[in-house]
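A.B. asks: Take a look and give me a structure for this.
(one chain, ligands or ions: 1)
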Amino acid sequence: MVSNCVFCKIINGDIKSDVVYETKDVLAIRDVAPQAPHHYLIIPKLHIPTSQDVRDPSIWANLMEVLTIVAQRMGLVDSGYRVVINCGSQACQSIFHLHLHLLSGRKFGWPPG
Ligand code: AMP
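C.D. replies: Next up is the predicted model:
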């Protein structure tokens with residue numbers, strides 16, 4: 001728990017969020033400023049600042065397991081979805097607590113802008 005971290009506060013219950021799925025290690029919530037009709041954040045409960053700071057590979061397994069469960073439950077599999085990790089300032093990471101963006105419900109461009 002890092003006291004000035006928004007996602008730690010959400011995990012701790014100090015900030016309300018719209019939880020769509022939860023396990024012992026991972027929380028999945030709706031993004032407050034959705035960039036697509038479906039936009040979820042898959043967040044490890046352990047505070048890890050960026051994707052470069054993961055030391056235990058089971059963190060990735062847990063995050064991807066929850067991401068695929070949420071995609072299935074929300075009916076995103078047939079149409080498809082995009083997974084995004086922003087790492088660092090040039091990639092526009094704004095909250096330095098690791099999270100996966102799960103986006104779906106519209107056509108995305110490639111390459112990303
Ligand atoms: P990033 O820019 O990759 O760090 O993404 C941070 C994401 O967190 C953005 O998409 C924000 O809209 C989202 N966000 C910020 N505060 C909250 C919140 N309180 N509840 C849900 N999502 C949030």
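A.B. asks: could you list every residue that touches the residue lying closest to residue 31 once chain neighbours are set aside?
C.D. replies: Nearest residue to residue 31, sequence neighbours excluded (Cβ to Cβ, 6 or more residues apart in numbering): residue 39, at 4.1 Å. The C-beta positions use only the backbone N, C-alpha and C, and glycine is treated the same way. Counting by Cβ atoms under 8 Å, 6 or more residues apart in numbering, residue 39 makes contact with 30, 31, 101, 102, 103.
A.B. asks: Could you check how many residues crowd around the second one?
C.D. replies: Meaning residue 31. Neighbour count of residue 31, defined by other Cβ atoms under 10 Å: 17.
A.B. asks: ok, so what distance separates it from residue 89?
C.D. replies: The gap separating residue 31 from residue 89 is 20 Å, by Cβ to Cβ, to the nearest Å.
A.B. asks: Close to the ligand: what parts of the chain are there?
C.D. replies: 6, 15, 17, 29, 31-33, 41, 86, 92-95 (Cβ under 6 Å from any ligand atom).
A.B. asks: Restricted to helices, list the contacts of residue 39.
C.D. replies: Residues of the contacts of residue 39 located in helices (DSSP state H): none.
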